[in-house]
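Colleague: A predicted structure for the sequence below; I have some questions about it.
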Amino acid sequence: MIDLNLLLERLSTDLVGTGKSFLIMVHLVGLALGIGAATLLDVFILRFLVLRNITRANLEVVEFATKVVTMGLVMLWGSGISFLLHYGFFDPAKLMNEKVWAKIGIVMILSINGMFIHRMVLPLIRENVGRPLFDGVSIGKRRVLLLTGAISAVSWYVPLMLGSLPQLNFLPAGTILVAYGILLGAAVTATQALVGILPRAEATEVGHAGREAI
């Protein structure tokens, strides 16, 4: 039988430690939700939406996944700001760890990219229900869409790596951000190469017009 009194006694013995453990839990859950949903979105868009017709069911999956990503980001920001307050009151030395500030910078980029996805990618998916995502979309716009996917993927996994490797503690923020930039550059290069593989916008427009004429 569960002894609730013993459980409460253990938790209340060290309120500061319990509070920090709660923040870690919220932070990890937010990271897990964000990484999982963002990875699903990237794979789903490349696998099902680029060359196949978008269905209403596809749209519902994408919209639900974006809500999960947003929830993950909100949890990351909430727990991250709380960590800063915790360190400021109880462990000021941790504020000198430049890895913390590098993570904040990366999450800021991630958040800005997320807002761009909501403004540009989601409306495009809604507009193209019944046809492929890139049907009639210019090369320049395709490049931008793939760029947002690369930023999303790298900017979710790098904070996970930073949080998992204590060996990177107190590493200069500049060094971390340079490494992040290199990884981001490699991801962008790889995704931009897809533009040349996918059907040209003009070709899809001609094909779409031909189907309408028939």
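Modeller: Good, I have the coordinates. Residues are numbered from 1 along each chain as shown.
Colleague: residue ranges with poor pLDDT in the chain?
Modeller: Screening the chain residue by residue with the criterion pLDDT under 70, one finds the ranges 1-12, 14, 51, 196, 198-214.
Colleague: quick one: the helices in it?
Modeller: In the chain, the helices defined using DSSP state H lie at 4-13, 15-44, 56-90, 98-116, 122-127, 139-164, 173-197, 201-213.
Colleague: give the contact list for Ser155.
Modeller: With contact set as C-beta atoms under 8 Å, 6 or more residues apart in numbering, Ser155 has these partners: Ile106, Val107, Ile109, Leu110, Asn113, Leu184. The C-beta positions use only the backbone N, C-alpha and C, and glycine is treated the same way.
Colleague: what is the neighbour count of the first one?
Modeller: Other residues near Ile106 number 20, with proximity taken as other C-beta atoms under 10 Å.
Colleague: what's the spacing between Phe48 and Leu160?
Modeller: Phe48 sits 25 Å away from Leu160, taking C-beta to C-beta, to the nearest Å as the criterion.
Colleague: looking at the two, which has the bigger crowd around it?
Modeller: Looking at Phe48 and Leu160 with other C-beta under 10 Å, you find the greater number of neighbours at Phe48, namely 18 against 14.
Colleague: for the more buried one, which non-adjacent residue is closest in space?
Modeller: Distances taken as C-beta to C-beta, 6 or more residues apart in numbering place Asn58 nearest to Phe48, at 6.0 Å, with adjacent residues excluded.
Colleague: dump the residue contacts of the one you found.
Modeller: By C-beta under 8 Å, 6+ apart, the contact list for Asn58 reads Phe44, Phe48, Leu49, Ile125, Val129.
Colleague: so how far is Val137 from it?
Modeller: Using C-beta to C-beta, which is the criterion applied here, Asn58 is 16 Å from Val137.
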